[in-house]
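S.K.: one predicted model, sequence on top.
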Amino acid sequence: MNFAIWQSILEQQWGIKAKLSSLDGEFDLNILVKSTNTKNYVLKVMRSGCLQDFVDMQIKALNHLKVSEPELPFPEVVATLSGQKFVECKDEFGKIRLLWLIKKLPGHKYVDHGYKSLNLISQLGGMIAKCDAALKSFEHKFLHRDLKWNLSEASWVEGHVDLIEDSSHKCILENIIKDYKNILPMLKKQPFQPIHGDVNDHNALVNASLNTKASISGILDLGDMCFAPRVCEVAIAGAYIVLDHEKPEAALATLIEGYNCILRLDTRELDLIWPLLRMRLAVSVINSTLMSKDDPDDPYITVSQEPAWRFLERKVKHSKFMAARLRSICGKPVVDGADRVLAYLNEKRGSFFPIFDYDLASIPMGSLSVENSLWPKNPFFLPPEEAARVGEEIEHKDAFWMGYYNEPRLIYVEPAFRNGPWKASDRRTVHLAVDIFAPTSTRVHSPLDGRVAVAENRVGYLDYGGVIILEHKTPDDDIFYTLYGHLNPEFMERIKVGDTIDAGTFFCHLGDEKVNGGWAPHLHFQLALMTEGIEADWPGVGDPDEMYFWRSVCPNPAALLNLPDKMTHYSPTNKREILRERQEHFGRNLSITYENPVMLVRGWKHHMFDEWGRPYLDAYNNVPHVGHAHPRIQRIVTNQMGRINSNTRYLHPAQTAFAKKLLSKFPLKLDKCFFVNSGSEANELALRLVRAHTGSKGIVTLNHGYHGNTTGAVDISAYKFNAGGGVGQANWVELIELPDDYRGEFKRNDPKRAEKFGNLVDSAISNLTAKQIGLAGFIAETFPSVAGQIIPPEGYLQNVYKHIRNAGGLCVADEVQTGLGRLGKFYFGFEQQGVEPDIVILGKPIGNGHPIGVVITSSEIAESFAQGPEFFSTFGGSTLSCLIGKEVLEIIDEEKLQNNASLMGKKLLNGLSKLQDNFSQIGDVRGLGLFCGVDLVKNRETREEDPDLCSYIKNRMRDHRILMGSEGPKDNVLKIRPPLTIDEEGIDMILSCLQKIMQEI
Ligand SMILES: Cc1ncc(COP(=O)(O)O)c(C=O)c1O
């Protein structure tokens, strides 16, 4: 493009010298102006023939907005030197053009923003509302022109539907237009006002960096302003918010909630949004189809339709269902009359006919919640024998007992309850009914007059078996429904749709597990205030994140049982309250992960569940080495705690059995063990052993290492003593550089790097000698973990150990992170390094959650230690610890977890390396077995660490329900270190989510 002409006009008219470049624009030229005084502007060069009124309207609107809502991020209009808002000039072809200038806003287009968080969408909703509030008092004659984008005048598209060749697309559009015509009379009755009319995903700007929350930084282009019902504004914005969003309905609801917080929408407006939104997309695809007729070679036109079609092709949501969702998020009744129904039920509470010939007020409640219940044992699988015994674990229940409404439960295990491909995908867990457990064949009566709306036998496992839905009417003719599930389907012979059932009539009875879907006999009793969109297929449980909606559609049915609501309503532990109490009772440096912390109340293998039953894939924790809640460990704990849990002052076969099993994994010379309670305690004891044996004090260790939280352990942990506020380096400690061949002094292309890194020990030893401190030994995590999941070059420790031993020191291998099969090919890290340490430290994984630490050493060293005072640790080597430790070792062997670590580790590392090929931010992928690190960099050449990206990914992985850590001196290494039970599905989930997140950056 020839910018010279515009450059000279800018200089003459605005006094701005600048470099120009093109920005996109449908008809007008938008030119980016980078002035020599570093300010940026956009020069708007209108198409030839553009009316002055069109420009005048936009400029006046922007000025109006600036005065009435100065905080809204609209661009500021820059007047010419002579005070004009726009000028008329000739372009290179001699055509008259109108020119105006605005200040450039920061940010990128919303459409290009990767992660469209609900927070961002809510912000946009609020801004649109503020914009509408401000525009209400704006007036301009051009607002009243005919405009194809005016959504209250959109029927014109009907005449063009035939242009759409694809018959299924045509059918979709015809339905949208039909719905639109139905709502048109109601739309025309809504309050009209000037609206922006085109807050689409190209017209909103987002300002974001990895370490700040994204915010809306601009709203552009008032060219489609018109006089229309204000509800069209949010419907139009909504039409773009839903496109390609993972949760379009939730995104729309959030936009509307954000809007409604500023400017209240009434129920009529809320009801119109969904059909209007769909109509806006219909207008958009028909308009671009028309344009493509004029310009058939422009591929962009069809491409731009694709997101709209992807959305419109989805299974259509009932517009009343969507309206209900929008109503509920705005605190309105889900349908007209729903509030009257609730008032009626409340008023009549106590006078409904009893459902059972039994006083429900006196029967106990029993909780099946995630927090209270251990049912099912495996939260991903409910075998028939467990389904038929649900509730068996509840104490003090009698023949009749009731299960709660609003209770999150893990018994809903079938993939149909999941919304996504993974075991850790969103899962519907929260019960929307009250359950009344009672003997089979207990008779069920109708609490009030009703008409049979549904009478079916649903035979699937864990379905309802016999189910009846009754429709009821209040004296004001408001309709509501009750559902009776898990019935004996014998009623199918007697009851059909349309029958009336009088209040108090016995109309069905409970089925047993053979006919009721496989469950312990009970009645699932649910109330619904509407059925549009759920018809006969009511969800019995809801997604915890959508409960605001489901609680409004299916409220607590307690009133119909003549019970107070609070008796049947369950509330999980309030996480916020626990967080508050934690802050009250614990020190500030007891760190907690994630800005919005997770509260975890159950686990199973490599998954964990929060108090609402949301599942998480555990890719972080190495403590549950053989998996969370392993049944064999559970059994041992229950059994042993019923017998004795004593200490090593007395004999017990469990002590030696554990020792024998453990020592069988080590080189023969390591034949003595000391049991303690933690890795820290084990390292502390190791310090005493090396000193007892050598008579010296000095320790050489790796920089950035971690060995525990006790005084001695901190002294040898540079990660702690060198941290801000740390105790600093003791004079008896010498640090050597990490054997990090990615970022350290000697790189992977150096074949001698293992030797060179190893040689660094010499100067450390000399430093001790110079201070007249004798060398006691060398201690290191075999593969440094907090230092960034470092895999030392092969042979590194051989060289280090040689130097240390030559100088009279002992070699200690801290295998807390690397031992017990995690590395796949090797049971211990020292095997990979081809060395035999003098002392080995084991910690948390050996107890699988029970506090155990072990020091393993030779007879010779143990003997030196025995010259000192007696050794005793009250809980170290307790009966229970020994049983658990041995069981963990056996489980690793019997479940072939080392082999699994090897296979899954390879799969993970392969997948990560493929991601590395596609994303330059992944500087290095390293690991062995299930000890893996992803080193994130700002620049592959310089290898500069990118901690912000690492923190972003860690938090976004949590949004995807994957828990991961970050490590490294600069905290830029993603740490992947799951329980050894992780399976292919888990690895696929990690890789797939990581890829998605990398793509959104
Ligand atoms: C390598 C290493 N050593 C020792 C410890 C300390 O173990 P504990 O927290 O059980 O005292 C840890 C803990 O993370 C560790 O990673």
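M.R.: In hand now; what should we look at?

S.K.: low-confidence stretches in the stretch 351-500 of the chain?
M.R.: Along the stretch 351-500 of the chain, segments meeting pLDDT under 70 span 396-397.

S.K.: what residues does it have near the ligand?
M.R.: Within the stretch 351-500 of the chain, not a single residue sits near the ligand (Cβ under 6 Å from any ligand atom). Quick note: C-beta positions are derived from backbone N, CA and C, even for glycine.

S.K.: and Trp156, how far from the ligand?
M.R.: Distance from Trp156 to the ligand, counting by Cβ to the nearest ligand atom, to the nearest Å: 67 Å.

S.K.: so what pLDDT did the spatially closest residue to that residue that is not a sequence neighbour get?
M.R.: Excluding the flanking residues, the one nearest Trp156 by Cβ to Cβ, 6 or more residues apart in numbering is Lys148, at 6.6 Å. Listed pLDDT for Lys148 reads 95.

S.K.: phi, psi for the closest residue to the ligand within the stretch 351-500 of the chain please.
M.R.: Residue nearest to the ligand within the stretch 351-500 of the chain: Ala424 (24.5 Å; Cβ to the nearest ligand atom). Dihedral pair for Ala424: phi -90, psi 10, per degrees, to the nearest 10.

S.K.: that one: neighbour count?
M.R.: 25 (other Cβ atoms under 10 Å).

S.K.: touching, Arg230 and His196? I think so.
M.R.: No. Using Cβ atoms under 8 Å, Arg230 is not in contact with His196; the gap is 10.3 Å.

S.K.: helix, strand, or coil at the residue nearest to Trp156?
M.R.: On the three-state scheme (DSSP: H, G, I helix; E, B strand; the rest coil), Lys148 is labelled coil.

S.K.: for it, phi and psi?
M.R.: Dihedral pair for Lys148: phi -70, psi -20, per degrees, to the nearest 10.

S.K.: quick one, strands of the stretch 701-850 of the chain?
M.R.: 733-736, 775-781, 810-814, 839-842 (DSSP state E, counting those that start in this stretch).

S.K.: how near is the closest residue to the ligand within the stretch 801-950 of the chain to Lys752?
M.R.: Per Cβ to the nearest ligand atom, Val816 is where the stretch 801-950 of the chain lies closest to the ligand, at 3.7 Å. According to Cβ to Cβ, to the nearest Å, Val816 stands 30 Å off from Lys752.

S.K.: what residues does the stretch 551-700 of the chain put near the ligand?
M.R.: 678-680, 683.

S.K.: ok, which pair from the residues you listed is furthest apart?
M.R.: Ser678 and Asn683 (9.0 Å; Cβ to Cβ).

S.K.: more crowded one of these two?
M.R.: Of the pair Ser678 and Asn683, Asn683 is the one with more neighbours under other Cβ under 10 Å, namely 29 against 21.

S.K.: now whichever strand or helix holds the more buried one: average pLDDT?
M.R.: Secondary structure from DSSP states H and E places Asn683 in helix 679-694. Helix 679-694 carries an average pLDDT of 98.

S.K.: re earlier: need the overlap of contacts for Arg230 and His196.
M.R.: Both Arg230 and His196 are contacted by Asp132, under the criterion Cβ atoms under 8 Å, 6 or more residues apart in numbering.

S.K.: pLDDT weak spots in the stretch 201-350 of the chain?
M.R.: Using pLDDT under 70, the flagged stretches of the stretch 201-350 of the chain are 299-300.

S.K.: so how far is the ligand from Ala18?
M.R.: In terms of Cβ to the nearest ligand atom, Ala18 sits 57 Å off from the ligand.

S.K.: wait, Asn346
M.R.: For Asn346, the distance to the ligand - Cβ to the nearest ligand atom - is 54 Å.

S.K.: do the same with Ile765
M.R.: Relative to the ligand, and taking Cβ to the nearest ligand atom, Ile765 is found at 23 Å.

S.K.: run through the residues that contact that residue.
M.R.: If you count contacts by Cβ under 8 Å, 6+ apart, Ile765 has them with 700, 734, 775, 803-804, 807, 809.

S.K.: in a markdown table, list the residues you listed along with pLDDT and neighbour count.
M.R.: As requested, the contacts of Ile765 are arranged in a markdown table below (pLDDT from 0 to 100; neighbours: other Cβ atoms under 10 Å):
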| residue | pLDDT | neighbour count |
| --- | --- | --- |
| Val700 | 98 | 29 |
| Glu734 | 98 | 22 |
| Leu775 | 98 | 26 |
| His803 | 98 | 19 |
| Ile804 | 98 | 26 |
| Ala807 | 98 | 21 |
| Gly809 | 98 | 27 |
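
S.K.: what residues sit buried inside the longest helix seen in the chain?
M.R.: When the chain is scanned for its longest helix (criterion: DSSP state H), the result is helix 267-294. By neighbour count on 16 or more other Cβ atoms under 10 Å, the buried set for helix 267-294 is 267-289, 292.

S.K.: list of residues touching the following helix or strand past that helix?
M.R.: The element immediately downstream of helix 267-294 (helix or strand, assigned by DSSP H and E) is helix 299-312. The contact list for helix 299-312, computed with Cβ under 8 Å, 6+ apart, reads 169, 172, 176, 242-244, 248, 278, 281-282, 284-285, 288-289, 291-292, 295.

S.K.: fine, thanks again, bye for now.
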